[in-house]
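A.B. asks: Got a predicted structure here, sequence first:
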Amino acid sequence: MSDGHGPTLRIDKYLWFVRLAPDRSRAQALAERGIIRLNGRRVERAHTPVRVGDLITVPQGDVVRVIRIEKLPMRRGPFIEAQLCYSAITPGDPKAD
């Protein structure tokens, strides 16, 4: 987990940049619904900052994904580039292997 130092990025932008949300407005809504957890704490604001090392828990359909932030992206790039920004912790997740 993060030690509270270093660069940050808004959680809604992070979710959109790494393609865990289809667009920025849905990423904002997801963050404000209070169903995402950051390092075990409930997120209720889209501007909540995330850092490298943070753990994000996000529901996606019938699955709850847990990811660790590996790097902060500067843009919404291609899927392959987005995958390099996090590692999956979720058991049974293909990226976790």
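C.D. replies: Structure received. Residues are numbered from 1 along each chain as shown.
A.B. asks: which ones are touching the residue most central in space within the chain?
C.D. replies: For the chain, the residue nearest the mean C-alpha position is residue 15 (4.7 Å; CA atoms, centre = their mean). Shown in contact with residue 15 (CB atoms under 8 Å, 6 or more residues apart in numbering): 21, 27, 30, 31, 36, 56, 58. All C-beta atoms are positioned from the backbone trio N, CA, C, and that covers glycine.
A.B. asks: Take these and keep only those in helices.
C.D. replies: Residues of the contacts of residue 15 located in helices (DSSP state H): 27, 30, 31.
A.B. asks: between those residues, which is nearest residue 5?
C.D. replies: For the ones in helices among the contacts of residue 15, the closest approach to residue 5 (CB to CB) belongs to residue 31, at 22.4 Å.
A.B. asks: How much space separates that closest one from residue 21?
C.D. replies: Relative to residue 21, residue 31 is positioned 9 Å away (CB to CB, to the nearest Å).
A.B. asks: Which one's more surrounded, those two?
C.D. replies: residue 31 (25 against 21; other CB atoms under 10 Å).
A.B. asks: ok, the residue nearest to residue 10 when sequence neighbours are not counted - how many residues close by?
C.D. replies: Of all residues not flanking residue 10 in the chain, residue 47 sits nearest, at 5.1 Å (CB to CB, 6 or more residues apart in numbering). For residue 47, the neighbour count with other CB under 10 Å is 12.
A.B. asks: What of residue 71?
C.D. replies: A total of 11 residues lie near residue 71 under the criterion other CB under 10 Å.
A.B. asks: any idea where the helices of the protein begin and end?
C.D. replies: 11-17, 24-32, 79-83.
A.B. asks: For residue 90, give me its contacts.
C.D. replies: Residues near residue 90 by CB under 8 Å, 6+ apart: 63, 64, 65, 66, 67, 96.
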